[in-house]
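Undergrad: Return a 3D structure for these sequence lines:
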Amino acid sequence: FFESKVDLISLYVLSNDFEKAWEYLKRAEFLEKKSISKEYLCNYYGIKASILLKQKKFDESLSCCRKAMSIKKIGAKYGFLEGQILFAMGDKEMAFHSLDKVFKNNRDNASLEDKKLYSILLAEKQKYEESISLLNHLFEEGEYFYGLGQMTSNVYEKKGMIFESIVSACLDYEYASCFFENDNRQFLRNLQALKIKYEGKPEAPEVNRAIGFITASIKNIGNVEDLKETDPLICRYLKIKNKVLSNTIDTGDLEALLSLKNSFEKFPSYHYLVAECVKKQNLNIKPTECYESILNISSKNKYSDYARSGIGKQ
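TA: Numbering: from 1, shown residues only. Next comes the predicted model:
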């Protein structure tokens, strides 16, 4: 049956077994398609288009994608795939046009890759506010991926928001530090070089503010300056981290840290800070969930031994 073949194709795609998915696609091609539901036919063309895209058969992929899109109501979601195909073909203008249209009408069906590409194309169109808004929304909704900080930093820099650009780059540095031994001294030297680069320029005050903030956070010197309401979330996170590590936490810091959970839950360091905050405030709570979260992210990270020890003591 055509429907069962399409279901099997979907399962193999979800399992990343594209060779087997293609085998069932070829089988489905020879079956009668006149009496089947529009939904199955739409999915058939859409999945075939995505596999052909992986095979770099762009023209065939685009043709299949547009067949899926031509099926009214249910085919509109494949506008995202059309944008990806056009971008892969090197047609950025049409890729942007396709994604711009589908984002306005069908945003909920966008994948992480769709959002990443759309934010890049928005920035290239100098639609910086929209690009930053989308990237920040990804972060706030817990869709962090390594590289998001640098992407956001690049857009802020193009928009001339130098403070936000510098601190946003710290997002990826913070994440990487959970898994690798970062060279903080080299990082601080790089910041000083940046400071010298902007010395005497109009951007210097914002550069100095960002460097002072990051330096205080890395050295845990306990006197991070007050934040503005518009400062990126990484600033709030680093300020609380500094207070936890320098033993200067206040009663409201745990609540403030918990409010950042959506954005930072993929960071082992976040769960470590919550656990330490709980312990240092002598609350009658055992941070078991924090320990488990650290190990669920990765069995080998900077805080995994800390988490195992915490569970063992309990």
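
Undergrad: mind checking the SS state of the most centrally placed residue in the chain?
TA: Centroid-nearest residue in the chain: Tyr144, 2.8 Å away (criterion: C-alpha atoms, centre = their mean). Look at Tyr144: counting by DSSP: H, G, I helix; E, B strand; the rest coil, its state is coil.

Undergrad: start the count at 31, not 1, going forward
TA: Understood, numbering begins at 31; the last thing we discussed is Tyr174.

Undergrad: which SSE is the closest residue to it other than its chain neighbours in?
TA: Spatial nearest neighbour of Tyr174, chain neighbours left out: Lys296 (5.2 Å); criterion: C-beta to C-beta, 6 or more residues apart in numbering. Backbone N, C-alpha and C define where each C-beta goes, glycine included. Assigned by DSSP states H and E, Lys296 belongs to no helix or strand.

Undergrad: mind checking pLDDT for Lys296?
TA: Note on Lys296: pLDDT of 96.

Undergrad: and if you look at Val254?
TA: Val254 carries a pLDDT value of 63.

Undergrad: who's in contact with Leu275?
TA: Counting by C-beta atoms under 8 Å, 6 or more residues apart in numbering, Leu275 touches Asn250.

Undergrad: what pLDDT, on average, does stretch 98-112 get?
TA: Mean predicted lDDT for stretch 98-112 stands at 92.

Undergrad: From one end of it to the other, what's the distance?
TA: Stretch 98-112 has an end-to-end distance of 10 Å (C-alpha to C-alpha, to the nearest Å).

Undergrad: chain center to that stretch, what's the gap?
TA: 25 Å (C-alpha atoms, centre = their mean, to the nearest Å).

Undergrad: and that stretch, which residues are buried?
TA: Under the neighbour-count criterion of 16 or more other C-beta atoms under 10 Å, stretch 98-112 has Ala98, Met99, Ile101, Ile104, Gly105, Ala106, Lys107, Tyr108, Gly109, Phe110, Leu111, Glu112 buried.

Undergrad: next one: stretch 239-247
TA: In terms of neighbour count (16+ other C-beta under 10 Å), stretch 239-247 has its buried residues at Arg239, Ala240, Ile241, Phe243, Ile244, Thr245, Ala246, Ser247.

Undergrad: tell me how far it is from the chain's mean position?
TA: With C-alpha atoms, centre = their mean, you get 24 Å for stretch 239-247.

Undergrad: what are the C-alpha coordinates of it, in CSV please?
TA: What follows is stretch 239-247, C-alpha atoms only, in CSV (Å, rounded to 0.1, in the frame of the first residue of the first chain):
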residue,chain,number,x,y,z
ARG,A,239,31.9,48.4,29.7
ALA,A,240,31.6,44.9,28.0
ILE,A,241,35.3,44.0,28.8
GLY,A,242,35.0,45.2,32.4
PHE,A,243,31.8,43.1,32.8
ILE,A,244,33.3,39.9,31.3
THR,A,245,36.6,40.3,33.1
ALA,A,246,34.9,40.6,36.5
SER,A,247,32.8,37.6,35.7
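
Undergrad: For it, what does the pLDDT average out to?
TA: 85.

Undergrad: Also stretch 32-39?
TA: Across stretch 32-39, the average pLDDT comes to 87.
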